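Undergrad: Have a look at this prediction, sequence included:
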Number of protein chains: 2
Amino acid sequence: MSKQKEVVYTVVNSSCDHPTAELVAFRAKQLMPSINLATVYRNLTALENENRIIRIHSDKGDRFDKTLCHHAHFKCDKCGEFFDLLGIDLQKTLDNFKNEIHTISSVDFVVTGTCKNCKDKTY
Amino acid sequence: MSKQKEVVYTVVNSSCDHPTAELVAFRAKQLMPSINLATVYRNLTALENENRIIRIHSDKGDRFDKTLCHHAHFKCDKCGEFFDLLGIDLQKTLDNFKNEIHTISSVDFVVTGTCKNCKDKTY
DNA sequence: TATAAGAATGATAATCATTATCAATTCTTA
DNA sequence: TAAGAATTGATAATGATTATCATTCTTATA
């Protein structure tokens, strides 16, 4: 594993906010100023393929997650917060489709709306 | 509703295969040869905002769906098939998060893997 | 019915996240 | 330590989507 790849992994693995590739690159540059954006993209894809991190498809840039178990996410339209919805037993839910599904390689599950913190906000 | 918007809606509403914008445009052109790709994109976004169709974020182009109730999708890595996983009671599942979630505007849920049809395929 | 204001279109340029290319650099390992 | 492979940094290219803008419909009102 190259030094750069290690940095990219460290950044994702120590982030709790589901950063975009751009944000991973920003944080990686703080650990290794010479690291290039293309290298960050390359290693994010590599780590995803090695099942060491998870990619969440989203408009305005994919997001990356250290939590490997299948789980859902919530994205707040108002504050932009992006957080895990842990505790849903997706494995059991998806077992109901064993007639259609042979194997599962990834789960991309994003719920969008407004969070409780933004309940009364009008902006 | 403009003639073009009606065509775009008709195409999505009569498609069972979760087409991309490009494919919606292709089908729309068969009904109205003069329709423009930009108009298709515009109206897909408009219809999405009116909650008349659903957008599913995916690499290689978002997909569109006529089924409005919250549901999951499966995308097969091998054959590319993209189908609904109906029967999961997502509403009930998400009710468990009423402490964090105030309102839900959309659910974007895609499971990727191999389907039963591709079980023994090696390509 | 004429017409003016507003909305939507077609054509195309621009944007932006991501990927491809490629020479230069950094491992490996024999 | 030198050859070969892998990876990098820099940058060009790609491709989906959005923005722009002059033109073409709609529609409400005189």
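TA: Ah, there it is. Numbers count the residues shown, from 1 in each chain, chains lettered A, B, ... in the order given.
Undergrad: Now do the strands in chain A.
TA: A:54-56, A:63-65, A:72-76, A:82-85, A:101-115 (DSSP state E).
Undergrad: Take these and lay them out in CSV including mean neighbour count and mean pLDDT.
TA: For the C-beta atoms, the positions are set from N, CA and C on the backbone; glycine is no exception. Shown next, in CSV, are those (neighbours: other C-beta atoms under 10 Å in any protein chain shown; pLDDT from 0 to 100):
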stretch, mean neighbour count, mean pLDDT
strand A:54-56, 20, 97
strand A:63-65, 22, 98
strand A:72-76, 21, 96
strand A:82-85, 16, 94
strand A:101-115, 19, 96
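Undergrad: Now distance to chain B too, for those, in a markdown table please.
TA: A markdown table is the format used below for the strands of chain A (distance: least, C-beta to the nearest C-beta, whole Å):
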| stretch | distance to chain B |
| --- | --- |
| strand A:54-56 | 9 |
| strand A:63-65 | 11 |
| strand A:72-76 | 6 |
| strand A:82-85 | 6 |
| strand A:101-115 | 4 |
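Undergrad: For A:V12, find the nearest of the ones you listed.
TA: Proximity to A:V12 (C-beta to C-beta) singles out strand A:63-65 among those, at 5.0 Å.
Undergrad: which helices and strands does the closest one pack with?
TA: strand A:54-56 (3 or more C-beta pairs under 8 Å, 6 or more residues apart in numbering or on different chains; DSSP states H and E).
Undergrad: So which other helices or strands are in contact with the strand it packs on?
TA: Partner elements for strand A:54-56 (3+ C-beta pairs under 8 Å, 6+ apart): helix A:37-49, strand A:63-65, strand A:101-115.
Undergrad: run the last query once more with 10 Å
TA: Packing partners of strand A:54-56 (3 or more C-beta pairs under 10 Å, 6 or more residues apart in numbering or on different chains; DSSP states H and E): helix A:37-49, strand A:63-65, strand A:72-76, strand A:101-115.
Undergrad: what about the first one and DNA strand D, any contact?
TA: Yes. Helix A:37-49 reaches DNA strand D (C-beta under 7 Å from any atom of the strand) through A:L37, A:A38, A:T39, A:R42, A:N43.
Undergrad: Adding distance to A:S2, write the helices and strands packed on strand A:54-56 out as JSON lines.
TA: JSON lines is the format used below for the helices and strands packed on strand A:54-56 (distance: least, C-beta to C-beta, whole Å):
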{"stretch": "helix A:37-49", "distance to A:S2": "8"}
{"stretch": "strand A:63-65", "distance to A:S2": "18"}
{"stretch": "strand A:72-76", "distance to A:S2": "29"}
{"stretch": "strand A:101-115", "distance to A:S2": "24"}
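Undergrad: and the helix or strand of chain A with the lowest mean pLDDT, which residues are buried?
TA: Ranking every helix and strand in chain A by mean pLDDT, DSSP states H and E puts helix A:90-95 at the bottom, with a mean of 89. Buried residues in helix A:90-95, counting neighbours by 16 or more other C-beta atoms under 10 Å in any protein chain shown, are found at A:L90, A:T93, A:L94.
Undergrad: before we move on, back to that, figure out which of the strands of chain A is closest to DNA strand D.
TA: strand A:101-115 (14.3 Å; C-beta to the nearest atom of the strand).
Undergrad: check whether the closest one contacts DNA strand C.
TA: No. Figure legend: strand A:101-115 not in contact with DNA strand C (C-beta under 7 Å from any atom of the strand); closest approach 12.4 Å.
Undergrad: what angle do that strand and strand B:101-115 make?
TA: 160 degrees (axes from the mean of the first three to the mean of the last three C-alpha atoms, to 10 degrees).
Undergrad: partners of strand A:101-115, with directions?
TA: strand A:72-76 (parallel), strand B:101-115 (antiparallel) (DSSP bridges).
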